[in-house]
Structures are given as C-alpha cells and as structure tokens.
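S.K.: sequence and predicted structure are below.
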Amino acid sequence: MGSYRRRATLTATLVSWFGGALRPRFTWQGLITLAVLVVVAFLVLLPVVFLVEESLNIGDPMAFPPQEYGLANYVAMFEEDLQIIINTVVIAVAATVMAMLIGVTLAWILTRTNVPGREKLERLMELPYYMTPLVGALAWAVLASPRSGFFNQVWRWAGGTGDLFNIYSMFGIAWIMALFEGTVAFVMISAAMKSMDPALEESARVIGASKLRTALTVTLPLVMPGVLGATLFVFAEMLGSFAAALVIGIPARVYVITTAIWDSTLSYPPAYGRASAMGLALFVVMFAMLTFYRWMVGRGNFATITGKAFRPRLIDMGRLAWLLFAVCALYVLLAVVLPIAALLLTSLQRFATALLHQAQFTFANYELALALGPVRTALANSLLLGLGVASVGVIIMALLVWIIYRSQLVGRGGIEYLVMFPQAVPRLVFGLALLWAWLNMPIPIYGTLWLLALAYFTVMLPIGVRTLAGVVLQVDKSLEECARVCGAGWVYQLRTVTLPLLKPGVIAAWLLIFMACVRELGVSVFLMGPNAKVIAPSIVSAFASSGIELTAAMALIQTFTVVVALLILFRLTRGMTRELT
Amino acid sequence: MRVAVAAGIALLLAGLSSSVQAQGKVCDNPRPMPGFKTCANVEKAEAEGAFVLYSTDPEAGQVKLLAAFNKLFPKIKTSYVRLQAGALYAKVLSERQAKSYLVDVIQISDMGMILDFQKRGGFRQYVSPEMAAFKPEYKSQPEGYWTWGSIIMGGIAYNPNNVSAAEAPKKWEDLLDPKWTDAVNVKVSNSGLQHGIYYMLKPILGEEYFKKFATIKPRAFDSYVQQYGRLVDGQDKIIMGAQYSGYIEFKAKGAPLAFVFPETGVPAVSETYGIVADGPHPNAAELFMDWFLSPVGQQALSEALLLHSPRADVPAPAGSVPLQDMKLLVPADWNDFEKSRPEFAKEWDRIVGARR
Amino acid sequence: MSAGALCIELRDLVIRYGDVVAVNGVSFDVDRGEHVTLLGPSGCGKTTTLRAIAGLEQPVAGTIAIDGQPMYDAGERRNVPTEQRGVSMVFQSYAVWPHMTVLGNVAYGLKVRKQSSADISAKVERALDLVQMRHLADRPASKLSGGQQQRVALARAIAFSPTVVLFDEPLSNLDAKLRAEMRLELRELQRQLGITSVYVTHDQEEALAISDRVIVMNVGAIEQIGTPEQIYNRPRNRFVADFVGSANLIRGRVREALAAPRTWEFVAEGGHVLQATAAHTLRGNETEVAVRTAYIEIGKANSVNQIPGTVRRRMFHGDFVQYVVDCPLGQMIVRHPPTNLVAEGDGVHLSFSPEHCVLLES
C-alpha cells in the first residue's frame, strides 16, 4: 500500500512538471480534439463557403473562382422563379398541416388511450420513415395515377366515372410527404406527451374538472410547446424535401426549389450560380426555422436527453378503442402495406399496365435487377458505404460525443454546434455544395466512392452524435467516477466501464447510420460517378429510363435491405428508450 | 539547321509523349478482329481492363450494347452513366473542370453540344479504319473527332386501345386539336431529339405552331421509356416527337402501340460518339470505337437499342422502316443548330411548364 | 509515519462552481481510524468537500493531504489525479456496474492493482463475507435490490484495503428501517477494519449515532466540530442548535456572572430569569439560549430553572411524547418518554438545569 502511494506521488510530481496546467492528462487529448475540430469544420463548413461564393457568381457559371460577383442570382429568383417559391411554400404548408394532423392523432391515440396492441403499433409507426419518401412516391404513383392507378381502376370497376384520385398534383406531393415524414411528427409529439407528469391532469380531475375541460385547460397548454416545436421542425424538413417532388412533381409540371436546383445543374449550360443562390436561400430559411425551434423548445443542445419519461394515465375508451385501432391500422395500410403491395405487383409484371386482366407476370424484373451489373454494383456500393461509414463514423462520433459532453474542453459547445450544423442544411443543397466544392478542390476525389463516404459521414454526424449522446448521458457519471476512485486510469476506465455500458447505444447508432447510408438520395445524386453508383439515385435513374417495373423491383430490393437492418435494430433496442429526433 | 533541330525536338517530344496520341490518319496495318479491323493496341487495351461510356440511351440498352463488347473482350470491364443530353454534357464539362477524367467515350444526341465540345478540345482525334464506311456528313471534318453512331427520328405515337384509328392524328397540325389537351407528352428541353424536332418543324409549320402547342399543356419526360410507358398504361394519349426506336422496342415487347410518319416528314438527329481527350483508358476507347463503328458493333447497337445505323451495309432493326423509306428532316447547318439551343431551351421550358 | 498521525488534512479549501462559492475556506483533520461525519443541509458544501478529497472536484485554493502526502496544493499547482490517491468511495447512487456480476464489481479495484488471482479471490471473499453477500457473488449486478446494491458498493470499497473510505450519503436511498440496520453494520465494519472514514449525510440522527466526530457545515463553511455529545449538548450557535436535535430557542440577554463556574444569569424576554451556561468564552452580546426538548423535566422540582405552564397540545410519537406548553418563556416544546401522560389543558411545572440551558454565540 505504501509503495503504491509513493509511486502515485512520484507520477503526480512528474506530471505536474510537464503539465503545468492542473489537468495534465488533457495535453495529448487536447491535440486529438484539436485535430478532430479542424477536420469536422473542414467537412461541414467549407462546402457551404463554396456555395456562398458561387451563389454570387453572375458570370460564366462554370468558372472558378467566379469572375464576376453580384446579387443577380438572388434577384432572378424572385423575378423568374417566383412560382417555384410559391409552390414550395404552399406544398410545405399543406404537407406540414397534414403531417401534424397525422402525428397528433396517432400520438394521442398511442400514448393516452388504451388502444389494443399499443407497443406493437408504436413500433410499426416508425416503419414509413425507413421506407423513404422515394419509394413511397413511386408506390403512390402506381396507386393513384390518373386512369391507370389501382385506386382509380377499382373506382371505375365499382361503377364510378373519371378518376377518384390524381396523385400528380400539388396536393398529391404534399400527401406523400405528409404520409412518410408524418412519423417524425408522431415521434416528437409522443415524446412531448410522455414527458408530461400525469399528476398535473389528475389534480385537475380531482378538483372536479371534466375530461374535456382537463384536456383543454391542462393537457393542451402543457403539450403545446412540444407540438409547436414539432411543427416548426417538420415544416423545415418539408421545405427541403426532394424525392416526392422529383417523382411526382415533374410529371405534374410542379417545380419546387429542390427540384429546380437539381434541374439547374442538369441542363446545359449548368446554372451553378442560380442553383447555389436557391440552395442558399432555402438553407437560410431552414436554419432560421430550426434556430427558432431550438429557442422554443428551450433546450441547450440538440441532443435530446431522455429525461424522466412518465407513464401517462391511459383513458379508457371502451368500444371506441377498436375504432382507434382501426385508425392506426389505416395509417399503416396507407403508408406501408398498400405501397409495398403496389410495388410488388408492379415489379412482377412485364408491362405495368395495372389493368390486371391485361397483366403478364414474370420474375424477369428481379432477375434483371439482380443481374444488371450497374444495379448490383450500386447496391454493393451502398452496402459497402453503409458498412464503412457506420463503422468508422461510430468511432469518430463517440470521440466527438465524449469531447462535447464529458470533457472540460473550452469551446466544446462550438463543436456541438458544428456537428449539428448539417441538420440545418437541406440534403440536396449540401450535395450541391459538396459537388461545387470538390469540383474545384485540388484533391481529385470527385466521382469516387471516397467523396461519397466523406459526404455521408458529414451528413450523418447529427444522427450519430445525437444517438450516442443520448446513450452517453444515460450513463451515470458516478459509474465512471467510481472506476477512477478504484484506481483505474482513463484508458482502463474507458475500456472496462464506459465502452461496455455504451455498447447497445453504439450498436443502435451503427445501424441507424447504416440504414441512412443505404437510403441516401439528396447528396448522392450530385456526387455519383460511373464507378461510384449508389442505389437510391439509381432507382431515380431507372425511373427515368428503365420503366416502372424494373424501378419497382429495385425499390423493393432496397427497402428489403433497410428493413432487415431495421429488424435487427428493433431486436437490439427492445426496451431501450430512443427517439428519432 | 535550326529547322532540323526544331523538327528533331518535335519528333523527340512526340516520341516521349504518351503512346496514344492524336492520330490524323488511319494506321498502316489495321489488325483484323472477328468482324472488324482495329488500329488499337489490343493488349494494352486489355491491360487497362476497363472502359467507361457516357450515353443518353436508356440503361437497359446500354447494358446490352456493352455486354456485347464485353463478350468479345472479357478482360475489359465496362461501366456507363446514363443522362439526357444536356445533363450529360453538363456533367462532362464539370468533371473536366475538376480535372476528373472519368470517361472514355461519350455519346450525345445534340450536335450542338458535340461541336461545342470539339471547339473546347474535348475530343481526341482517332481515325478508325471503320470510319471509311461513313458518309462525310456523318463524321467530323477532319475525321476522327466524332462520328454518328445512329440516327434517331421523331414522329407521332399513340395507343390504339385508347385512341381509335379514326381520331388518331395523321399530321403535325392535328396535335393542335384541343381534345388532346393534357394528354400529350414530349421530351425535356435537355433532349437533343426534341431540339431537332423544334428546330426543323418551326420553319415548316410556322411561328404560331408551337405557341398553340403550348395550350395543349404537354408534359415533359426525360426518356422515351417513360413516355411510352405512360402511353401503354393510358396516362397519356399521344407522344409528340416520339422516338421511333422506342416504338420498335416496345412493340417488340408486345405493347399496344401505333406510330405515325407525318407527310411533312420526321425530324431526325444523330447520336454522336467520340473519344474523350485525357480519358482514363485510351487504348480500350480506341478498341471500342473500332468495334462499335463496324458492322458487328452497329448490329449489336441495333439489337440492343433498335436504332438505325448510318452505315449503308447494316440493315434496319427488325420490324422497322428503313432509313431510305423515311422522309427525314435533318438540320443542314449544325453551327446554326448549336446557336439555337439557348432560345429553344427557354421556349421549350415555358411550353412544358418547367419554369414560369 | 507514527500511529495516531493525521490521516487527512484539509486547509483553507475553497471550491467554486462558476460564480457560486460552494466551499469557502474549510479546514479540518481526520485522525487515523476515526469516523468523521460532515453534516449539514443540502447545498452546504459537504458533498463537494468529500468529492474534493477524492479528487473528483477541482478546488481553487487550499491544500489537501492524505497520509502526509500532499494530494492537492493550490500554491504548488499540484493535483494528484483521482486514480492515484488511493482513497475509496461509496456513492449515493451506489454506482454498481450493471454489466458485471457482484464478483466483478468487488474485484475491480484489485484487478486494477494487478494483484494475483489467488489474492483477488481471497480478498473478494472476505469483503463479501463482511457484508453477507457471498451467496450472491455470481449474480449480475443489474438484478440486485437497493439494499443489496448498497452492500456490494460497500464490499467493493473495502476490498482493496484502503486506509480511507469516503461515504457520500450511502443510506439516503434506503427506507427507514433498513437505514437503521445498515447504520449499525457500517459502524461495526469500520471499527473492525480500522478504516478512516469521512461520511456525508444530512440526517443528523445518523450523524450522531455513528460518528467519532461531527463537522456541522452550512453554506460552505464549518459551523462546529465536535463529538456527537459535544455537538448535541453544547451547540455553539443557533444553526447547530436548530439543525441537530430539537431545541427551544429563547431570546433575552445576559445579566451577570454567577458563582458556579461558567454560569450566568440570563433574563428572557418575558422577564423570567434563567441560569445558563456557555461552552465558549462569553462576549457579552449573546441573545439566545437553547434548551433541548429532551432535557426538560415535567412535574419535578430538581433543577434550578423552574417554570410553570399549561399543556396546550400533546402529540404521541410512539417512542416519546411531545408537549407544546404555554409558559412565561413563550411556547416551549417538551419531549418526554411515553409514561405519566399529562392531559391537554393541565397545568405543569417544567424544570431544567443550567447545563442544559446553553448560551449561543451570536
């Protein structure tokens, strides 16, 4: 015992000579953190800087650096593209309203009533998010296109005339967006409802307030900040939505900012300046909304700490409970079952006539999809990127999380801000920024998988850090302190206590990042090359030039891959509190 | 003396530079291959092991074409990118600006872009022994920069299940009938064929034609695959400027379609191919061009994409009308064609509702 | 190092949280084998002080030495990291690692010190025996009850035979009965192993029961240090008198010294004259005396201070009865064993000795 103490003081003396500062163990850690900071800033901020510069380019759009600077691009946005801006806002508003309706209804049903099968339903509610709006848009194009859509055929078969639905409209775009991004609203509002102490309602009821009065005067005001915050968040997401507008909007002659940006870069000559200006405008609006959201919700950081989740008192709905179950089931039907069924049917047809009596069925599309070099390569690339980015990313993000939430480093708030920054940039705009940045940087990784990997890592930072932070913050500090008190050094403590406790969270983060990579569209459309194809843009490409049958087959293969990963995630996180936002 | 030194230095430099360089004439001893002759160094091409094509043709067709090439040269792995002409050209230019040389051969269906690219020095001159079989108007002057790989033409298509023969349009002017409102689809302004159709029909049908056509509210799509697909499932009734090769392709698969060659004529443009300067696999590129421009390659193209070959010795695709039986409207002055693009793009975007 | 030497020495320790000064110039010593308790309300700085001894808090001034070795010295810019201080700690939340078994938890400190497996087994067994948890050695720690976790935390703390163990309110999460039992066990263990302990609690009953010395803290400073009897019988000021045990506080002024040693005459506000004693050197400006409720007798005329009164309220607490008595000194609270009950409304005679009427520092 005595020699141990003597050794300790000797070390302490040596360390204090070298350290100087009273926290000597941070010197080499400080170097690592500085390096990480620089790299993250480079990845996150530099593309945006390039974008800003290009948006001011009013000369030759392909010149770098720009020869002429000016605000003409921004002015032109309001003069020539006003309709596009109007479309964007109208669709976003409609989609947000619908998504919030869906979200509030489902959240209320699943957190406050005794609807049968609550836990299973809650899990099912998350499914549409993973199906991606791209697949959803394709499926609904099959379901509700005029004349040939399934719904319209059934309508005509049942004796109706004309079309019941026409998905190719602004409402159609908003509907798809709401359906598939409505789950985000659901998760956020559920969280708000769950974080309310039921005693607050109970005390009102005890005093004599009726169910309705309690709901209006106690529950609603308490949940309101959460609901308003969710509205802002969802609206910001809708502004930057791309897939539905691409698949449905263009045939409907409805352009929104995201598709206009995409379109600008894909015509000759590519209007990078205009596209950058639009992208930046969108980014600024989204950024403002998210900042407002943050202020409203009153949290200091984006990482949601799973605070004490109460068990709200369930309202007994009696026989109505089955009706509510039907409502939830209807949502699952519309968002999951019908789309998958529609795509399945389409993918098995020779010609997607959707006129069932004319249909010729075949497996050829799947054979083609799996045999087609490009499709196979694209899928393989997506899986490879998913594996790589998830594995390396999780390690780096864990380090970032430790720096932000457990270290005493000055300026760790700045790192947190940087890391969450990509969330405020619409994916497509970030893709454009990356494209422009890497087109003009001397390192030739444009068109390779390396650039895609870098891009994926950058846009996945918010998801990964948020998930890991949630887990890290759940680990009671005293568990780590106790290890230190028992004599464990930093590395030993990390290895034997911190990391094992973080394992389920780390695996969850890995899976989330993996799935996000496989689904990724907005960034990938810009950065692909002939040897760096990935699956989601390939589906879009197939939609344009390969016929809906093959596209459907490809979409289903991609969805299947994601669902398998999702099932594994569900298994692992059973019982673990986890939020999407 | 000085001249000799300069010449010597030039020769030395020429010798020191890459083994594959701009080649103004056919090589002396083309190597016979199964079905074609090549000036390329086959061993080097196989050593390079890969070949990249950018083309506007639908993916499935490109895959088939490249598979035929790959069958002859299994060591050369092929890959491609498919985009519509404007998008493709934008991508190529962007990549070159980034000094990212990813592509060996490009095919663009808009001659204007081809000429522009040639002016920028984007093509590498390589004279293939097979180019002799192409008429002068089907290749660059001097030859070796670009060559027409196929000729595409646009007419009118419809689905006889939804449109009776009686009411079906027979002339371009028939498409202005208000009953076709919201039921016609066309290609996007990026498309070379669409540009050709506009360019050729405007002087013939008059200024007012396209203004009136705008009231029909046509929908624009990126590829004929989408266009014909919508015809088959009834979402649209007519394709204005329907690509004939697409009609043949779908008909062969059993789709219910009909094609009309209006008396006025069918506008036609070329799908032009050329080797890109500084490409990553120069020898493979030369090998490909030799194969592609030969009857064997052209036949493979015809089978893969149902396209008409410019070569006289290659028959028209099965089930199609041969070139000489069509009244083709081809732009006479490609430079003028190139200059007309910006105005076309703006006007066409307005017609299809792409921008305000 | 001779036996009986000081084990822990704190001098002028100052700890800040941002702008708030949590610990403001605290100094005390702990002898080898002594059990010292830091007692005070929440926010008084007791836990912060404890954690600073462990190295888990960063002071801004002062020194800390353990076993004669300086662990923290602001002047010399020395700060020995936690893992090298060789103290042990039992956390309020137990901090039992859920991903290890009971055995794994207890053996941790020994494994860190790279002891042989034979040594480790023997010491772990001994530690578990001491807390009667040997039969649960292989149970995963996540499946333990609160009381069991507490024992494991304790076993873990003593397994590697530290000389100092720090306790951060280890019993506050247990129910009253269990708390009382564990208190005794802890004390036994501490005596048996001769561990020097620094214990933090807000429960004054606990502090008095098990400590050798009690340090009463308030708002970052020490109010009084003494044995439990000293703290209880001779509280120095109002805070200590009020916080520890239950006392009647009577206002008035000191009049004159009396014949008996350290006894003075104290005139209460109502005019009643009392005889009071002081533990401290009188300054003359004292205005309060404290009379412990348990030291007031009913119906006897034994002591010097005698007051008549009427019982206003009687409350039966089980182990004692509490009376609220109206009298010339105001309302006095009296605690009495639950025998010879006096009815509400009855008149009583209260008496207490001068030793039990303590003058408080102002």
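M.R.: Structure received.
S.K.: so where's the chain uncertain?
M.R.: All of this is about chain A. A:1-29, A:64, A:297-313, A:351-360, A:372-373, A:408, A:410-411, A:573-581 (pLDDT under 70).
S.K.: sorry, should have said chain C
M.R.: In chain C, residues with pLDDT under 70: C:1-5.
S.K.: what's the local residue count around the closest residue to C:His280 other than its chain neighbours?
M.R.: Leaving out its chain neighbours, the residue that sits closest to C:His280 by C-beta to C-beta, 6 or more residues apart in numbering or on different chains is C:Glu361, at 5.8 Å. Glycine gets a C-beta too; all of them are placed from N, C-alpha and C. When neighbours are counted by other C-beta atoms under 10 Å in any protein chain shown, C:Glu361 registers 19.
S.K.: before we move on, what about C:His349?
M.R.: Applying other C-beta under 10 Å, I find that C:His349 has 14 neighbouring residues.
S.K.: element containing it?
M.R.: strand C:347-352 (DSSP states H and E).
S.K.: C:Val358 belongs to a strand?
M.R.: Yes - the assignment for C:Val358 (DSSP: H, G, I helix; E, B strand; the rest coil) places it in a strand.
S.K.: show me what the strand holding C:His349 is packed up against.
M.R.: Packing partners of strand C:347-352 (3 or more C-beta pairs under 8 Å, 6 or more residues apart in numbering or on different chains; DSSP states H and E): strand C:297-298, strand C:305-316, strand C:321-327.
S.K.: the shortest one - contacts with which helices or strands?
M.R.: Just to be clear, that refers to strand C:297-298. Where contact means 3+ C-beta pairs under 8 Å, 6+ apart, strand C:297-298 is packed against strand C:347-352.
S.K.: how far out from the middle of the chain is the strand it packs on?
M.R.: 32 Å (C-alpha atoms, centre = their mean, to the nearest Å).
S.K.: give the buried residues for stretch A:269-288.
M.R.: Buried residues in stretch A:269-288, counted by 16 or more other C-beta atoms under 10 Å in any protein chain shown: A:269-283, A:285-287.
S.K.: tell me, how many residues neighbour the residue of the stretch 201-350 of chain C found nearest chain B?
M.R.: Nearest residue of the stretch 201-350 of chain C to chain B: C:Gly220, at 63.5 Å (C-beta to the nearest C-beta). C:Gly220 has 23 neighbours, counted by other C-beta under 10 Å.
S.K.: for A:Phe78, same thing?
M.R.: By other C-beta under 10 Å, 10 other residues sit near A:Phe78.
S.K.: and if you look at C:Leu110?
M.R.: For C:Leu110, using other C-beta under 10 Å, the count is 24.
S.K.: for it, grab phi and psi.
M.R.: phi -70, psi -40 (degrees, to the nearest 10).
S.K.: cool, C:Arg255 as well?
M.R.: phi -100, psi -60.
S.K.: which residues touch it?
M.R.: Going by C-beta atoms under 8 Å, 6 or more residues apart in numbering or on different chains, C:Arg255 touches C:264-267, C:273.
S.K.: okay, buried residues for stretch C:54-72 please.
M.R.: Applying 16+ other C-beta under 10 Å to stretch C:54-72 flags C:54-57, C:59, C:61-67, C:69-72 as buried.
S.K.: sort out which one of those residues lies nearest chain B for me.
M.R.: Using C-beta to the nearest C-beta, C:Leu56 is the member of the buried residues of stretch C:54-72 that sits closest to chain B, with 53.4 Å.
S.K.: distance of the closest one relative to A:Phe514?
M.R.: 38 Å (C-beta to C-beta, to the nearest Å).
S.K.: what's the answer for A:Thr214, then?
M.R.: 44 Å.
S.K.: more neighbours, the two?
M.R.: Per other C-beta under 10 Å, whichever of A:Thr214 and A:Phe514 has more neighbours is A:Phe514, with 28 against 18.
S.K.: what helix or strand is the more buried one on?
M.R.: helix A:499-519.
S.K.: and that helix with chain C, contact?
M.R.: Yes - using C-beta under 8 Å from any C-beta of the partner chain, helix A:499-519 comes into contact with chain C via A:500-501.
S.K.: just checking, what packs against that helix?
M.R.: By 3+ C-beta pairs under 8 Å, 6+ apart, helix A:499-519 packs against helix A:127-144, helix A:373-406, helix A:449-474, helix A:535-545, helix A:547-572.
S.K.: just to revisit the earlier point, what subset of the contacts of C:Arg255 is buried?
M.R.: Buried among those by 16+ other C-beta under 10 Å: C:264, C:266.
S.K.: and the angle for the helix or strand containing A:Phe180 with helix A:127-144?
M.R.: Assigning secondary structure by DSSP H and E places A:Phe180 in helix A:170-194. Going by axes from the mean of the first three to the mean of the last three C-alpha atoms, to 10 degrees, helix A:170-194 is angled at 160 degrees with respect to helix A:127-144.
S.K.: ok, back up a step: partner strands of the strand holding C:His349, parallel or antiparallel?
M.R.: Using DSSP bridges, the strands paired with strand C:347-352 in its sheet are strand C:297-298 (antiparallel), strand C:305-316 (antiparallel).
S.K.: okay, these, which one's buried deepest?
M.R.: strand C:297-298 (a mean of 18; mean count of other C-beta atoms under 10 Å in any protein chain shown).
S.K.: least confident secondary structure element in chain B?
M.R.: Lowest mean confidence among the helices and strands of chain B (mean pLDDT, DSSP states H and E): helix B:2-16, at a mean of 51.
S.K.: downstream of that helix, the next helix or strand is which one?
M.R.: Next along from helix B:2-16, by DSSP H and E: strand B:31-33.
S.K.: near chain A, which residues of chain C are found?
M.R.: Counting by C-beta under 8 Å from any C-beta, chain C sits next to chain A at C:54-56, C:58, C:67, C:69-70, C:76-89, C:91-93, C:95, C:97-99, C:108-109, C:112-113, C:156, C:160-161, C:163.
S.K.: so what's the closest residue to A:Val471 other than its chain neighbours up against?
M.R.: Nearest non-adjacent residue to A:Val471, counting by C-beta to C-beta, 6+ apart: A:Gly505, 2.6 Å away. Listed by C-beta under 8 Å, 6+ apart, the contact set of A:Gly505 reads A:467-468, A:470-472, A:474, A:576.
S.K.: ok, now how distant is A:Gly505 from A:Thr498?
M.R.: Taking C-beta to C-beta, one finds A:Gly505 at 11 Å from A:Thr498.
S.K.: quick one: distance of the longest helix anywhere in chain C to the chain centre.
M.R.: If you go by DSSP state H, chain C has its longest helix at helix C:176-193. Between the centre of helix C:176-193 and the centre of its chain there are 14 Å (C-alpha atoms, centre = their mean).
S.K.: appreciated, that's everything.
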